[in-house]
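Student: Structure for the following, please:
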Amino acid sequence: RLSGRSVDDMIAGARVEVAPFKRDPMDFVLWKPSEAGLPDWDSPWGFGRPGWHIECSAMAHELLGESFDIHAGGIDLQFPHHENEIAQSRCAHPEGHFARYWLHNEMVQVEGKKMSKSLGNFFTVRDLLDQGVPGEVVRFVMLSTHYRKPMDWTEEKAREAETTLRKWNKIVMDVEPGKVDNRFLNCVKDDLNIPGAIAELHHIASDINRKSELAASLNFLGLSENLGMKSQTISEDVRSMVENLKDAREAKNWELADFIRDEIRGRGIEVQILPDGAILIEKV
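Tutor: Numbers count the residues shown, from 1 in each chain. As a prediction, the model looks like this:
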């Protein structure tokens, strides 16, 4: 028996072939008798063929060799596919280690429901990009949940991610990146604890003296794009109007604030007021 796992340990949704000759439903074989019409080869165990998982072992050996560092995949592949891979690869190349580390990611959900074509909630990253969702926002939402926990994509999370990224990129606009923060980096090193690293980013962003660390840490995660905001494209007169808009809002003169905002939009500049009162500007 190669598995050593109980039925209760089995990942929901994984396909297991239940055959009458198995001593346990979780057992799998490395050499199968071939049915009529299927390829077969002679072996000490009779005419047959390897299991269907053999192509992954073959590709891994051809491209990466007998040992390599990281093998990733969905949690639904952990058994039987990946355990079968390990068994057949170690048998074929006993001098090797196959994969030293395994990273199994959980499944993606949409608005709290399993993503599936039958539910009509299936989409790709390309679909989101075509809808105008910035790639950095997609990355931020995905990274906000640890890879070993189910990731739930929601419109609210996407909006919150864009708001946060715009705020952070406003802080680091035209700032020269410095050194990546150590506490941030330690989170990344801890089994890719990116949610913890993002929590550190919130802490860093709250300190006006740590802009260079924030810039470097955002670069590290590929979250440094300004989502269309480029300070050098905004003229000084528009910046002056934005300051007037800020003053009007602080004075709670909403009529004047609306008038100034409309004037700014007439210059081809969009103004966004963040929940914390910060004002972002970008050309449209």
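
Student: tell me what the helix or strand where Arg166 lies is packed against?
Tutor: Take DSSP states H and E as the rule and Arg166 turns out to sit in helix 155-172. Judged by 3 or more C-beta pairs under 8 Å, 6 or more residues apart in numbering; DSSP states H and E, helix 155-172 is in contact with helix 135-143, helix 194-205, helix 211-220, strand 279-283. The C-beta positions use only the backbone N, C-alpha and C, and glycine is treated the same way.

Student: Determine the angle, from 0 to 180 degrees, between it and helix 135-143.
Tutor: Here helix 155-172 points in a direction 120 degrees away from that of helix 135-143 (axes from the mean of the first three to the mean of the last three C-alpha atoms, to 10 degrees).

Student: Just the CA trace of helix 155-172, in PDB.
Tutor: Taking C-alpha atoms only, helix 155-172 is exported to PDB below (Å, rounded to 0.1, in the frame of the first residue of the first chain):
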ATOM      1  CA  GLU A 155     -16.300  42.900  -6.400                       C
ATOM      2  CA  GLU A 156     -16.000  44.500  -3.000                       C
ATOM      3  CA  LYS A 157     -12.500  43.100  -2.500                       C
ATOM      4  CA  ALA A 158     -11.500  44.400  -5.900                       C
ATOM      5  CA  ARG A 159     -12.700  47.900  -5.100                       C
ATOM      6  CA  GLU A 160     -11.000  47.800  -1.700                       C
ATOM      7  CA  ALA A 161      -7.800  46.600  -3.400                       C
ATOM      8  CA  GLU A 162      -7.800  49.400  -6.000                       C
ATOM      9  CA  THR A 163      -8.500  52.000  -3.300                       C
ATOM     10  CA  THR A 164      -5.600  50.700  -1.200                       C
ATOM     11  CA  LEU A 165      -3.200  50.500  -4.200                       C
ATOM     12  CA  ARG A 166      -4.000  54.000  -5.300                       C
ATOM     13  CA  LYS A 167      -3.400  55.300  -1.800                       C
ATOM     14  CA  TRP A 168      -0.100  53.600  -1.500                       C
ATOM     15  CA  ASN A 169       1.100  54.500  -5.000                       C
ATOM     16  CA  LYS A 170       0.200  58.100  -4.300                       C
ATOM     17  CA  ILE A 171       2.500  57.900  -1.200                       C
ATOM     18  CA  VAL A 172       5.400  56.500  -3.200                       C
END
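
Student: now that helix: mean pLDDT?
Tutor: For helix 155-172, mean pLDDT rounds to 90.

Student: Any chance of a markdown table for the helices and strands packed on helix 155-172, columns mean neighbour count and distance to Glu106?
Tutor: Conversion of the helices and strands packed on helix 155-172 to a markdown table gives the following (neighbours: other C-beta atoms under 10 Å; distance: least, C-beta to C-beta, whole Å):
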| stretch | mean neighbour count | distance to Glu106 |
| --- | --- | --- |
| helix 135-143 | 19 | 12 |
| helix 194-205 | 18 | 13 |
| helix 211-220 | 21 | 24 |
| strand 279-283 | 17 | 34 |
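
Student: got the ones you listed as CSV, with distance to Met173 and mean pLDDT columns?
Tutor: What follows is the helices and strands packed on helix 155-172, written out as CSV (distance: least, C-beta to C-beta, whole Å; pLDDT from 0 to 100):
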stretch, distance to Met173, mean pLDDT
helix 135-143, 14, 94
helix 194-205, 13, 96
helix 211-220, 9, 95
strand 279-283, 10, 60
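
Student: quick revisit: give me the contact list for the helix or strand just after the helix holding Arg166.
Tutor: For helix 155-172, the following helix or strand on the C-terminal side (DSSP H and E) is helix 182-189. With contact meaning C-beta atoms under 8 Å, 6 or more residues apart in numbering, helix 182-189 is reached by 193-194, 196-197, 199-201, 204, 213, 217, 220.
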